[in-house]
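Trainee: Okay, structure incoming, though there's no sequence with it:
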């Protein structure tokens, strides 16, 4: 295959990915200001995997969002340049195209805004600003050619906004449905789920009340609600210091502190969740509902990676937002969080159902085909 033929095949594959709509998912929303094109998607793919855009030349977007790990890193909290660690677990990029806000606290409204931040975070990419990144791009003949073709700009006119638009376009192709659940629920294949998984689905929509936030609609299921909830995670760290921590954060923010940098470098302030964006005290400790699709492959769980297994997650919810029944409850707990009184068999069935949300293509890349 010639280089030109290979490129054509790549662009065709990207184009197909951009328009594909897996079973169980709605059409991917695309902003009018950043339409999808095969060339832009291919450029975004290359930028997403380029480790030169970090202080040590070893960290790319794909470092924390690895395709072979369902676009996560499977670490409790992510490691950036020089192996520095932050405060947040890396969520999967799969189906992020359907999210109405990005980051665990929703501080960016779209993928374009989100993709600019990690490069210049002191515990992620570690760059002082976007200038070093742009300098690499402007001196790279392949990038110069690609940006000229995609955006019609010469090297000196390439900006971080162009970079963000390309990366976001690539990320919008990372959609994943067609799981065993989808075949059972939307395609009517009664053999797609095991008996335990069917019982687990009944728990999910019934006594477990999981569906309240991880939604299933009549024709689609994102398994998220694009809302923020305090479920009790992180409470013990700032117990009794919630208001003190909130006031300290507001003082730092008013003094010019960057929210993105603060929540990834200050552990206590990280636990403020959505409050860091809205400054609304009712949202202290509230974090965005993550999608449950491919959740079998994205451990550990929660914004701080504090729960290691799906069994731990189910126990946490069964205890009403506590790791142990004897733990105190957060005074900021969302109203729907209360003990579920599930039996051991119901908990096992629920975990079995969650594993039915794994897409076969994702499992295959992760080396779990046939599992």
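Mentor: Sure thing, it's come through. These figures come from a predicted structure and were not determined experimentally.

Trainee: only C-alpha atoms for contact and neighbour calcs from this point on.
Mentor: Will do.

Trainee: Spell out the residue ranges of the strands in the stretch 101-250 of the chain.
Mentor: Secondary structure of the stretch 101-250 of the chain (DSSP state E, counting those that start in this stretch): strands located at 228-229.

Trainee: Show me the helices in it, by range?
Mentor: 111-116, 131-139, 141-151, 160-171, 180-185, 195-205, 235-238, 242-254 (DSSP state H, counting those that start in this stretch).

Trainee: What is the first one packed up against?
Mentor: Okay, so that is helix 111-116. Here helix 111-116 touches helix 160-171, going by 3 or more Cα pairs under 8 Å, 6 or more residues apart in numbering; DSSP states H and E.

Trainee: What residues of the helix it packs on count as buried?
Mentor: 160, 162-171 (16 or more other Cα atoms under 10 Å).

Trainee: Could you do stretch 228-236 as well?
Mentor: 228-235.

Trainee: Point out where the stretch 1-150 of the chain drops to low pLDDT.
Mentor: 1-20 (pLDDT under 70).

Trainee: hmm, back to that, among the buried residues of helix 160-171, pick out the one closest to residue 253, please.
Mentor: Comparing the buried residues of helix 160-171 against residue 253 with Cα to Cα places residue 160 closest, at 24.2 Å.

Trainee: Show me how the record splits this structure into domains.
Mentor: Following automatic domain parsing, one gets these domains for the chain: 3-171, 180-230+289-365, 235-284.

Trainee: need the buried residues of stretch 228-236 in TSV with pLDDT and distance to residue 201, can you?
Mentor: As requested, the buried residues of stretch 228-236 are arranged in TSV below (pLDDT from 0 to 100; distance: Cα to Cα, whole Å):
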residue	pLDDT	distance to residue 201
228	98	23
229	97	22
230	96	24
231	96	21
232	94	24
233	93	24
234	86	28
235	81	29
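
Trainee: Could you save the residues you listed as TSV and add columns showing distance to residue 333?
Mentor: Formatted as TSV, the buried residues of stretch 228-236 follow (distance: Cα to Cα, whole Å):
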residue	distance to residue 333
228	11
229	8
230	5
231	6
232	6
233	10
234	11
235	9
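
Trainee: of all those, which two lie farthest apart?
Mentor: Between any two of those (Cα to Cα), the greatest distance is 15.3 Å, for 228 and 235.

Trainee: Does residue 100 touch residue 113 like I think?
Mentor: No - applying Cα atoms under 8 Å as the test, residue 100 and residue 113 come out as separate, 11.8 Å apart.

Trainee: now, which of the buried residues of stretch 228-236 sits nearest residue 50?
Mentor: Using Cα to Cα, those come closest to residue 50 at residue 228, 32.2 Å.

Trainee: give the contact list for that closest one.
Mentor: With contact set as Cα atoms under 8 Å, 6 or more residues apart in numbering, residue 228 has these partners: 105, 274, 283, 286-289.

Trainee: which residues sit against the helix or strand containing residue 363?
Mentor: According to DSSP states H and E, residue 363 maps onto helix 360-365. With contacts defined as Cα under 8 Å, 6+ apart, helix 360-365 is touched by 67-68, 70, 176, 178-179, 294, 297, 369.

Trainee: same thing with stretch 287-294?
Mentor: Here stretch 287-294 makes contact (Cα under 8 Å, 6+ apart) with 70, 91, 95, 103-106, 176-177, 213-214, 222-230, 273-274, 303, 354-355, 357-359, 362.

Trainee: So how do I select the buried members of these in PyMOL?
Mentor: Filtering the contacts of stretch 287-294 down to the buried ones (16+ other Cα under 10 Å) takes a single PyMOL command:
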select buried, resi 70+91+95+103+104+105+106+176+177+213+214+222+223+224+225+226+227+228+229+230+273+274+303+354+355+357+358+359+362
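
Trainee: Just the endpoints, please. Distance across stretch 295-312?
Mentor: With Cα to Cα, to the nearest Å as the measure, the ends of stretch 295-312 fall 13 Å from one another.

Trainee: Number the residues from 18 up from this point.
Mentor: That works, and once the first residue is 18, the last one we named lands at stretch 312-329.

Trainee: how about that stretch: buried residues?
Mentor: Buried, per 16+ other Cα under 10 Å, within stretch 312-329: 312-327, 329.

Trainee: Out of those residues, which sit inside helices?
Mentor: 327, 329 (DSSP state H).

Trainee: Next, the contact list for residue 71, please.
Mentor: So residue 71 contacts 77, 98, 136, 141-144, 150 (Cα under 8 Å, 6+ apart).

Trainee: Equivalent analysis for residue 351, please.
Mentor: Per Cα under 8 Å, 6+ apart, neighbours of residue 351: 246-248.

Trainee: hang on, the earlier thing: format the contacts of helix 377-382 as TSV; extra columns: distance to residue 277.
Mentor: Converted to TSV, the contacts of helix 377-382 look like this (distance: Cα to Cα, whole Å):
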residue	distance to residue 277
84	25
85	27
87	24
193	28
195	34
196	34
311	27
314	27
386	37
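
Trainee: ok, so of those, who is nearest residue 208?
Mentor: residue 196 (12.7 Å).

Trainee: Quick check: chain neighbours aside, which residue is closest to the closest one?
Mentor: With sequence-adjacent residues excluded and distances taken as Cα to Cα, 6 or more residues apart in numbering, residue 196 is closest to residue 376, at 4.4 Å.

Trainee: Show the pLDDT at that neighbour.
Mentor: With respect to pLDDT, residue 376 scores 97.

Trainee: quick one: it and residue 198 touch, right?
Mentor: No - between residue 376 and residue 198 there is no contact under Cα under 8 Å: 9.2 Å.

Trainee: can you give me the strands in the stretch 268-388 of the chain?
Mentor: 304-305.

Trainee: can you list the weak-confidence ranges in it?
Mentor: In the stretch 268-388 of the chain, residues with pLDDT under 70: 385-388.
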